[in-house]
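# coords please:
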Amino acid sequence: MRVQTMDKELGKFKAANRELADANSVLQAELREIQAVLAKNESEGTIMRQKLQQERSLRGDDQQLLEMRTRELRDVQTYLTTVDTLPVQEIVSMVKALNSDIFQIAAVISESTSFAKRFQLPHEVIKYAEDRLGHDITHLLYKAQERDTDHRSLVVQTVIQAVLADACLGITLSWDAGLKTTALRWAYDRIRVTSSQSVSARWRMLTRANTKYAEPIAVEKAAFSLVVHTLSVMLTIAGWTHGSTDWEAYTRAVAKTFGLDLERLVKDVVTLDRAMGEELMSMDVGLVTAATGEIFDGNTMENGFGGDAGWMDKHREGRSAETVACTSDLGLHARAVGREDGGGRPQVLLKPKVVLWSTLLDAPQTEVE
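Numbers count the residues shown, from 1 in each chain. Next up is the predicted model:
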């Protein structure tokens, strides 16, 4: 009886074990299915992550491209704009102030400086003066001390104004820190007639800022040396002495005596030069003078001593009554930059003031010793 009972219990355990085994098989199958689903999902997740990374990479490339195109458009816009950062009337005012400085310096030198017997003039000094002023003005200055005091002061002041104005003009015309003529100036003249206004002006601004004015101090030093040398030549011819016949010592004396005024003049002309070259985009402006011997034209110049040039004696030494001796005050002309100017005449923003031959009187035609 006991054996039968145990057999029945054993049968039940075996049946339960089979049920558990079947259940385990089912669970194993479900687990395998779940693992397959997870593996599939992981694979799909990997693919999605790869696609997302690719998308991010593409988005990054697009962003870089967008930033690059934005910079290009900004640069293009810079080249297309003709907006001035400084009004042209401010430039005119700066030229007038520069002329006032030149006049004051010339007046102080002519009124406060003693002129005595000069030392023997080197040939290169005479040539330098004649190249800038012409033969007649140079000789008039040389013989001025033989005239009365008022006439001598008039001639000396006029010539100093003329040479300082000419030096300032030369400083602004240069495209080189050493104030030498370079190919950049001729390149710009070419670009002006072949390119649009905005492109030409922007090229001028960038080129001058990164060449001539890459080191502004160098320009000021070169300009100061030029002004001192030019003034020294004229004072030598006029008869100003300081007790030395050595040329180097002479120029040092000029720099020491008039240095503060000349330094101020140089800073003013450099500031004006940068304003004309880097601040104006709508037009091309430049300083102008009238050439010695040019016929007086009231439309483009002013008589520095007032009045109409027609009253002058037309028969004195065969000179025309309307002949210019030199320029005392710088003028300012403007022209639209590039093809838009149509080849027309420059616009006169400020007429240069000139001194006429009749004002200076006739100079004896004596050769310089």
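
# phi, psi of residue 328?
phi -100, psi -30 (degrees, to the nearest 10).

# surely it is in contact with residue 165?
Yes - at 6.9 Å, residue 328 and residue 165 qualify as touching, with contact defined as Cβ atoms under 8 Å. Heads up, the C-betas are built off the backbone N, CA and C, glycines and all.

# so between these two, which is more surrounded?
Neighbours were counted for residue 328 and for residue 165 using other Cβ atoms under 10 Å; residue 328 has more, 28 against 25.

# can you pull the contacts of that one?
103, 158, 161, 162, 165, 304, 353, 354, 355 (Cβ atoms under 8 Å, 6 or more residues apart in numbering).

# where does confidence bottom out across the residues you listed?
Least confident by pLDDT among the contacts of residue 328: that is residue 304, with 86.

# that one - how many residues pack around it?
By other Cβ under 10 Å, 20 other residues sit near residue 304.

# ok, now residue 289?
There are 22 residues near residue 289, going by other Cβ under 10 Å.

# residue 27 versus that one, what's the distance?
Separation of residue 289 from residue 27 (Cβ to Cβ, to the nearest Å) stands at 107 Å.

# which parts of the stretch 201-350 of the chain are strands?
For the stretch 201-350 of the chain, the strands defined by DSSP state E, counting those that start in this stretch occupy 284-288, 302-303, 324-329, 331-335, 347-350.

# tell me which of those strands sits most buried.
Comparing the strands of the stretch 201-350 of the chain by mean neighbour count (mean count of other Cβ atoms under 10 Å), strand 324-329 comes out on top with a mean of 26.

# and that one with strand 284-288, angle?
Strand 324-329 runs at 120 degrees relative to strand 284-288, counting by axes from the mean of the first three to the mean of the last three Cα atoms, to 10 degrees.

# state the mean pLDDT of strand 324-329.
So the average pLDDT for strand 324-329 ends up being 92.

# check stretch 87-94 too.
On average, the pLDDT along stretch 87-94 is 93.

# could you do stretch 135-152 as well?
Here the average pLDDT along stretch 135-152 is 75.

# restrict that stretch to CA atoms and write it as CSV.
The C-alpha atoms that make up stretch 135-152 are tabulated as CSV, following Å, rounded to 0.1, in the frame of the first residue of the first chain:
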residue,chain,number,x,y,z
HIS,A,135,64.4,129.1,-61.7
ASP,A,136,62.8,132.5,-61.3
ILE,A,137,61.5,132.1,-57.8
THR,A,138,64.8,130.6,-56.6
HIS,A,139,66.7,133.6,-57.9
LEU,A,140,64.2,136.0,-56.5
LEU,A,141,64.7,134.4,-53.1
TYR,A,142,68.4,134.5,-53.5
LYS,A,143,68.4,138.3,-54.2
ALA,A,144,65.7,139.1,-51.7
GLN,A,145,68.1,140.4,-49.0
GLU,A,146,69.2,143.1,-51.4
ARG,A,147,65.7,144.5,-51.3
ASP,A,148,64.1,146.5,-48.5
THR,A,149,62.9,144.7,-45.4
ASP,A,150,59.2,144.6,-46.3
HIS,A,151,59.9,143.1,-49.7
ARG,A,152,62.4,140.6,-48.3
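
# in that stretch, what's buried?
The neighbour-count check on stretch 135-152 (16 or more other Cβ atoms under 10 Å) flags 136, 137, 138, 139, 140, 141, 142, 143, 144, 145, 147, 152 as buried.

# and these, which is closest to residue 188?
Among the buried residues of stretch 135-152, residue 137 lies closest to residue 188 (Cβ to Cβ), at 31.1 Å.

# nearest residue to that closest one other than its sequence neighbours?
residue 326 (5.7 Å; Cβ to Cβ, 6 or more residues apart in numbering).

# contacts only, for residue 265.
So residue 265 contacts 98, 101, 102, 105, 164, 168, 227 (Cβ under 8 Å, 6+ apart).

# fine by me, thanks again.
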